[in-house]
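Student: Got a sequence here, can you model it:
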Amino acid sequence: MGRLRTLPPKFYRRPAEEVAPDLLGRLVVRELEGERLILRIVEVEAYLGAGDRASHAWNGRHTERNRSLYADGGVAYVYFIYGMHFCLNAVTGHRGNGDAVLLRAGEPIRGAETMLEHRGLRRTPRPGDVAGGPGKLCQALKVDRDFDGVALSRGPLRFTEGEPVSAEEMVTGPRIGIGYAGDAAAWPLRFSIRGNPHVSRPRPRGG
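Tutor: Down below sits the predicted model:
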């Protein structure tokens, strides 16, 4: 696979809707107990801060839970949802913006057997079983709130260059599960790799 070049902080210091499609094809590297687990990012969603009703930063909301969301781009924002799942986001833009990109799905590149163990699965996986959803992805990589606020350019959780995806290889559509968000529910801020079987369900149109 060669040397894994980490994405620099400046990569993230752009609007979330620019960073999100640029994350497709990049790699998430998790160092854990001497093993390197790697996922290729195949699906993301952008959240646009105070003006986005679907964002945790909607209307400038500040809480202890979302403090990392307002950092300079290049750190993780990890939150707990439904009392059972962690979700991993890359904070984007500049301090105070509240923008982020949610990692929705990844394709196993290295360490799939270990990730299956983390998921509590023993059978031969089908595409999407390992990391085909934001909760699955965090469980596969053992990512929890301890990673909230950590830099994504160093340490045991890093985002690396991988191979960017062309516009022709992408599918764009509305985000999932945000019917409460009014007009923002229809914004085309879900990005995925066309035809990739690890993309989460429901599959986007054309994907």
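
Student: if I look at Glu168, how far off is Val19?
Tutor: 19 Å (CB to CB, to the nearest Å). Any C-beta I mention is one placed from the backbone N, CA and C, and that applies to glycine too.

Student: Just the buried residues of the longest strand seen in the chain, please?
Tutor: Criterion DSSP state E: the longest strand present in the chain is strand 35-48. Using 16 or more other CB atoms under 10 Å as the test for burial, strand 35-48 gives Leu37, Ile38, Leu39, Arg40, Ile41, Val42, Glu43, Val44, Glu45, Ala46, Tyr47, Leu48.

Student: before we move on, what about stretch 85-93?
Tutor: Neighbour counts over stretch 85-93 (16+ other CB under 10 Å) mark Phe86, Cys87, Leu88, Asn89, Ala90, Val91, Thr92, Gly93 as buried.

Student: any idea of the mean pLDDT for that stretch?
Tutor: Averaged over stretch 85-93, pLDDT sits at 98.

Student: Give me the contacts around it.
Tutor: Contact with stretch 85-93 is made by 12-16, 19, 23, 46-47, 49, 68-69, 71-81, 99-103, 134-135, 137-139, 141, 143-145, 147, 152, 159, as judged by CB atoms under 8 Å, 6 or more residues apart in numbering.

Student: where do the helices sit along this protein?
Tutor: Assigned by DSSP state H, the chain shows helices spanning 9-12, 16-23, 112-119, 134-141.

Student: now, of those helices, which is deepest in the fold?
Tutor: Counting by mean count of other CB atoms under 10 Å, helix 134-141 has the highest mean neighbour count of these, with a mean of 24.

Student: now that helix against strand 35-48, angle please.
Tutor: Interaxial angle of helix 134-141 relative to strand 35-48 (axes from the mean of the first three to the mean of the last three CA atoms, to 10 degrees): 160 degrees.

Student: Please determine how far Glu31 is located from Pro15.
Tutor: From Glu31 across to Pro15, the span is 30 Å (CB to CB).

Student: Who has more neighbours out of these two?
Tutor: Pro15 (16 against 12; other CB atoms under 10 Å).
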